[in-house]
Structures are given as structure tokens and as C-alpha cells.
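In: Have a look; sequence and predicted model below, questions after that.
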Amino acid sequence: MLYLPRIVESEIGQKLRASGAVLIKGPKSCGKTETAKQFAKSILQVDRDKQVKFPLK
């Protein structure tokens, strides 16, 4: 999948440097997860990761 850079990326970077964490909110399918992945040092997807031993309900 081709990632399209978002205008908000510079602000996310600034907020991460200042606090270490950010909350990304927005409508479904607007690119929140893919944008977050650009900044992540590791990713654990609990809905489909084998490291998680039980399904979340």
C-alpha cells in the first residue's frame, strides 16, 4: 500500500518529542493507523498478533 504523507505529521512529531505519546482521533478509514505506524518503533496488533494469547471482546 502506498502511504500518502499527512499534513499533521510535523505536529505529531513535535508532540511525541514533548510528551512521548499522542492520541490520534478521526473518522473511520482516514489513515490514523497508517500515520501512527510512520512514528512507531514497534507495533503490537492485539486483534491479530500471535503474542496475544486470547481474543479481546
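Out: Perfect, thanks for sending it.
In: From Thr35, how far off is Arg17?
Out: 16 Å (CB to CB, to the nearest Å). C-beta coordinates here come from the backbone N, C-alpha and C atoms, glycine included.
In: tell me the secondary structure for the residue nearest the centre of the chain?
Out: The structure's the chain has its C-alpha centroid closest to Ala36; by CA atoms, centre = their mean the separation is 2.6 Å. Classification of Ala36 using DSSP: H, G, I helix; E, B strand; the rest coil returns helix.
In: This structure: helices as residue ranges?
Out: 9-19, 32-37 (DSSP state H).
In: contacting residues around the lowest-mean-pLDDT helix or strand in the chain?
Out: Least confident helix or strand, the chain: helix 32-37 with a mean of 93, by mean pLDDT, DSSP states H and E. With CB atoms under 8 Å, 6 or more residues apart in numbering as the test, helix 32-37 has contacts from Met1, Tyr3, Arg6, Val8, Glu9, Ile12, Ile24, Lys25, Gly26, Ile43.
In: For the second one, give me its contacts.
Out: Contacts of Tyr3 were listed using CB under 8 Å, 6+ apart, and they are Glu34, Gln38.
In: What score does it have for pLDDT?
Out: pLDDT recorded at Tyr3 is 90.
In: Could you report the distance from it to Lys28?
Out: Tyr3 is 18 Å from Lys28, by CB to CB.
In: residues near Pro27, how many?
Out: 7 (other CB atoms under 10 Å).
In: ugh, typo on my part, it should be Gly31
Out: Gly31 - counted by other CB under 10 Å - has 17 other residues nearby.
In: Which residues are in contact with it?
Out: With contact set as CB under 8 Å, 6+ apart, Gly31 has these partners: Leu4, Arg6.
In: Next one: it, what pLDDT does it get?
Out: Looking at Gly31, its pLDDT stands at 91.
In: Lys50 now?
Out: 67.
In: Ok, Lys53 next?
Out: Value for Lys53, per-residue pLDDT: 66.
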